[in-house]
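In: just to be clear, the model below is a prediction. Sequence and coordinates:
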Amino acid sequence: MIYSPPRYIQFFPSFGCDRECKFCFNRDIISNRVVAPDEFAFMLKRMAKGGIFELDILGGEPTLYPHLEHLVDTALGNKIKVFLSSNGLDTNLLIHILGKNHNRNFLNIGISLNDSELSDELYDFISFEKPFIKSVVTKDRVLPESAKLILQNPEITYYLLFMDALTKADLDISFSFPEFFRIFEEIRKRFKNMVHLQFSCKYIKKVVDITKPAG
Ligand code: SF4
């Protein structure tokens with residue numbers, strides 16, 4: 001049998017977060033565990049050895065993880081491409097990490113916008129650094145006001161995310177996939193070439209873009 005490694009690893013260095021989003025796919029995980037630097041150093045070596053050169057860092061909120069800068073440096077030092085997803089809590093830390101002369105082809109930041117309000121700091125960070133932006137679609141609100149503002153900027157890459165329903169109660173706030181897809185197509189008419197779709201349903205053939213799922 002021919003071994004085919006996955007393209008990337010999704011990594012949750014800790015689950016601590018300052019928010020409690022109703023749609024969070026980690027909301028039922030209660031854990032104070034924080035991955036130690038020697039543990040992720042071991043993981044990165046195994047990744048490189050296994051031919052996996054992309055790391056998707058999620059949480060929790062990764063900027064609350066105490067070793068984030070070291071983790072990013074170590075991954076990039078091992079020639080592993082990093083995708084870091086944040087809710088924008090600590091833009092100073094993100095600016096610091098981005099300012100370390102890292103190759104931006106190897107370090108990608110994603111910001112989740114799911115609240116109506118957008119702080120001046122986060123708006124400035126997005127306008128200047130142009131991270132990719134994503135929002136989870138729920139029945140409470142399809143697009144938060146903050147995302148509508150950011151979508152005016154044609155230089156921003158935007159991802160609309162399908163909400164995973166993990167429990168029966170989640171069905172009250174999540175759309176079915178066909179409904180979600182219709183919403184996606186409507187939004188794309190208003191924001192041409194700016195909205196990408198992200199999902200992992202192998203039965204749907206009409207795919208605009210597929211990348212790493214993350215809330
Ligand atoms: S979706 Fe992201 S920001 Fe919201 S609670 Fe989960 S980890 Fe925190």
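Out: All right, it came through fine.

In: OK, contacts around Met43?
Out: Shown in contact with Met43 (C-beta atoms under 8 Å, 6 or more residues apart in numbering): 9, 11. For every residue, glycine as well, the C-beta is placed using N, CA and C.

In: next one: the helix or strand harbouring it to chain centre, how far?
Out: Element membership for Met43, per DSSP states H and E: helix 37-50. Its chain's average C-alpha position is 21 Å from that of helix 37-50, according to C-alpha atoms, centre = their mean, to the nearest Å.

In: which elements pack onto the helix or strand following that helix?
Out: Counting by DSSP H and E, the next helix or strand C-terminal to helix 37-50 is strand 54-57. In terms of contacts (3 or more C-beta pairs under 8 Å, 6 or more residues apart in numbering; DSSP states H and E), strand 54-57 is packed against strand 9-11, helix 68-77, strand 81-86.

In: just want the most central residue of the protein.
Out: Ser85 (3.8 Å; C-alpha atoms, centre = their mean).

In: can you give me the helices in the chain?
Out: Applying DSSP state H to the chain gives helices spanning 37-50, 68-77, 91-98, 120-129, 145-150, 177-190.

In: and those as a markdown table, adding mean pLDDT and distance to Tyr158?
Out: Output for these, formatted as a markdown table (pLDDT from 0 to 100; distance: least, C-beta to C-beta, whole Å):
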| stretch | mean pLDDT | distance to Tyr158 |
| --- | --- | --- |
| helix 37-50 | 92 | 29 |
| helix 68-77 | 95 | 23 |
| helix 91-98 | 97 | 18 |
| helix 120-129 | 96 | 11 |
| helix 145-150 | 90 | 7 |
| helix 177-190 | 88 | 9 |
